[in-house]
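Q: fold the following.
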Amino acid sequence: MAVSLITLTGVQLAFGHHPLLDGADFTIQQGDRIGLIGRNGAGKSSLLKILDGRIEPDDGEVMRMSGLTVATVEQEPELDASSTVLETLCGDYIEREDWQRPAVAGALIDQLGLQPDAPIAGLSGGTRKRVALARALADKPDLLLLDEPTNHLDFDGILWLQNMLVESRCTVVVITHDRRFLDEAATRIVELDRGQLYSFPGNFSQWQTRKAEMLEAEMQQQARFDKFLAQEEVWIRKGVQARRTRDEGRVRRLEQLRRERAERRERAGNVRMAVAEGARSGKLVAELQNVGHRYGERVIVRDLSTTIMRRDRIGLIGPNGAGKTTLLRIILGELQPTSGSVRLGTQLTIGYFDQMRAKLDENATLADTINPGSEWVEIGDQRKHVMSYLEDFLFPPARAQSPVSSLSGGERARLALARMFARPTNVLVLDEPTNDLDIETLELLEELLQDYSGTVLLVSHDRAFLDNVVTQTLVAEGDGVWREYVGGYEDWLAQRASETPAAATAAARPAPTADEGSDKPAAAPQRSGRGSSRLTNWEVRELEALPDSIAEVEAQQEALTAELSDPALYQENPGRMAAINDELAALEAKLGELFDRWETLEAKRGG
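A: Model (predicted):
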């Protein structure tokens, strides 16, 4: 029989107009691995604070198992800057007579690649998160609460945490937007939606199916309710004769219906994203020839040659400290490499989203942040008032004059996206855009990037986001070596495993990298159940789309050839001839690439 660690009954919690918890019920049982999801601002972090006792609910009951121990790792952990890593993990073990604590701490330090004598004050965000996780695990709590633990962690750190939670079978409640993490680690999804907690057995993918069915049922139920209410409103407004014969019970029922409709909390709307696309860039975006870069003795990039073309979607993959942001700056021409050359294309208009949101002015208002000095935003051929545009990103007009300093992490991320998308671009550079965004906003951002006609350069540790957005990856393989792969994260793993079987076997037990700043290569996790002769999901989709792509190019060729054969062209627009010939040459090259890719994928599918 399962043991209940914490039970919430009829819990109320409100900050502001709408309650975060509105008579919510919730039970955590021993062995649960709960993924807690919900919109930004729904109250997920506040729920964790109720669970660990940092705050008390306004009403309702919280029952805890006797002697329950809880450890919490917050989004931005607070650590004693004057301590070392080992001192932080060991704590006051002598006072508590926990003589095994130093050994446990040492094992965790080894697993996470930490430096025991490193002072906390000098650690990066990713390393601080590792230390906080290790400290919580060293406590061996009955219940572990994690608030966005994958933020600031690289792939190795995420995989280590994911595997640790599964193998240790500890009871955990984790807030995260990492859909792959939830699929691998969660046994139950709990959604906080409009003050209520809804529990779904299974992982995130299973929740998505159930949630879609539940929303459809809710919409149908509300439609029936609204139709019945409308009928009753018509009845109450009938003529004199009808009012004389009113059924007082029916009148009271109508009043109750009105109250229920007024109290209904509608589901919050989605962010409405659109990007202001600038003039098309040249075909070439950037060409790197034998580029090298180093800081002192440490090599960041070693002899890298690559070409980035218009409409490429490139993901940069590597452990923390591998130099992903540095390489981005080199590609964009913002940083001169130590050796080699970078040639930038023409007509580049770059939009930059940095992970620290450093470009946001804390004292500026939201409206001024979007478009200083103007009340209007131009998105393609559409002109929007800044208030309306802010509403698209879930900022009500009443907050338009609020300062940036008043925003939460998720709100800052939305504002940074809103500002970037409000300016014409043909190259989008996204450095960890998924931190602090809720899952629904992430999925909308994926759709926008898939349809974007410009070039995308993406740094992210969100595996699902990479798979859904990028078409190729640049991977840091250690000692400054960067290598290109076709596809997203999963495709990289498959290609890497097929080329280096020994490395793939070792990667089944990924060892986290050392502190950020280490240039050691990260071990990649093995992909189970997929051999090198099989197509990846991404490649299957690509192969299925290739015939249509080829037909489209051939149709364009036919149209241009027909135009070229028109005698009137030579008399009326002779300058058009050269342009058509250039377009035909480009289409011929593109057709050759498509046929080559088709042959490659067909050969791979045939084994």
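Q: alpha carbons only: can I get stretch 150-170 in CSV?
A: Included here for stretch 150-170 are C-alpha records, laid out as CSV according to Å, rounded to 0.1, in the frame of the first residue of the first chain:
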residue,chain,number,x,y,z
THR,A,150,17.5,21.9,-16.0
ASN,A,151,18.0,25.6,-16.4
HIS,A,152,21.7,26.3,-16.7
LEU,A,153,22.6,22.6,-16.9
ASP,A,154,24.2,21.2,-20.0
PHE,A,155,23.2,17.9,-21.6
ASP,A,156,25.4,15.8,-19.3
GLY,A,157,24.0,17.5,-16.2
ILE,A,158,20.5,17.0,-17.4
LEU,A,159,21.1,13.3,-18.3
TRP,A,160,22.8,12.7,-15.0
LEU,A,161,19.9,14.2,-13.0
GLN,A,162,17.3,12.3,-15.2
ASN,A,163,19.0,9.0,-14.7
MET,A,164,19.6,9.6,-11.0
LEU,A,165,15.9,10.2,-10.4
VAL,A,166,14.9,7.1,-12.3
GLU,A,167,17.5,4.8,-10.7
SER,A,168,17.2,6.0,-7.1
ARG,A,169,13.4,5.9,-7.2
CYS,A,170,13.3,8.9,-4.9
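Q: now do that stretch: distance to the chain's middle.
A: On the basis of Cα atoms, centre = their mean, to the nearest Å, stretch 150-170 sits 17 Å off its chain's mean C-alpha point.
Q: same check on stretch 86-98?
A: For stretch 86-98, the separation from the chain centroid amounts to 36 Å (computed by Cα atoms, centre = their mean).
Q: please apply the same query to stretch 464-473.
A: Per Cα atoms, centre = their mean, the displacement of stretch 464-473 from the mean C-alpha position of its chain is 11 Å.
Q: confirm Asn40 sits in a strand?
A: No: the secondary structure assignment for Asn40 gives coil rather than a strand, going by DSSP: H, G, I helix; E, B strand; the rest coil.
Q: mind listing what the closest residue in space to it that isn't next to it in sequence touches?
A: With sequence-adjacent residues excluded and distances taken as Cβ to Cβ, 6 or more residues apart in numbering, Asn40 is closest to Gly410, at 3.2 Å. C-beta: built from backbone N, CA, C; applies to glycine. Under the criterion of Cβ atoms under 8 Å, 6 or more residues apart in numbering, the neighbours of Gly410 are 40-41, 436-438.
Q: and the two most separated of these?
A: Spanning the widest gap among these are Gly41 and Leu437, at 12.1 Å by Cβ to Cβ.
Q: more neighbours, the two?
A: More neighbours surround Leu437 than the other of Gly41 and Leu437, with 22 against 18 (other Cβ atoms under 10 Å).
Q: can I assume the more buried one is in contact with Ala413?
A: Yes: counting by Cβ atoms under 8 Å, a contact exists between Leu437 and Ala413, whose distance comes to 5.2 Å.
Q: quick check, central residue of the protein?
A: Here the mean C-alpha position of the chain is nearest to the C-alpha of Thr434 (Cα atoms, centre = their mean), at a distance of 3.1 Å.
Q: Asn151 in helix, strand or coil?
A: Of the three states, Asn151 takes coil under three-state DSSP.
Q: with adjacent residues omitted, what lies nearest to it?
A: If you skip the residues right next to it in sequence, Asn151 has Asn435 as its closest partner in space, 4.9 Å away by Cβ to Cβ, 6+ apart.
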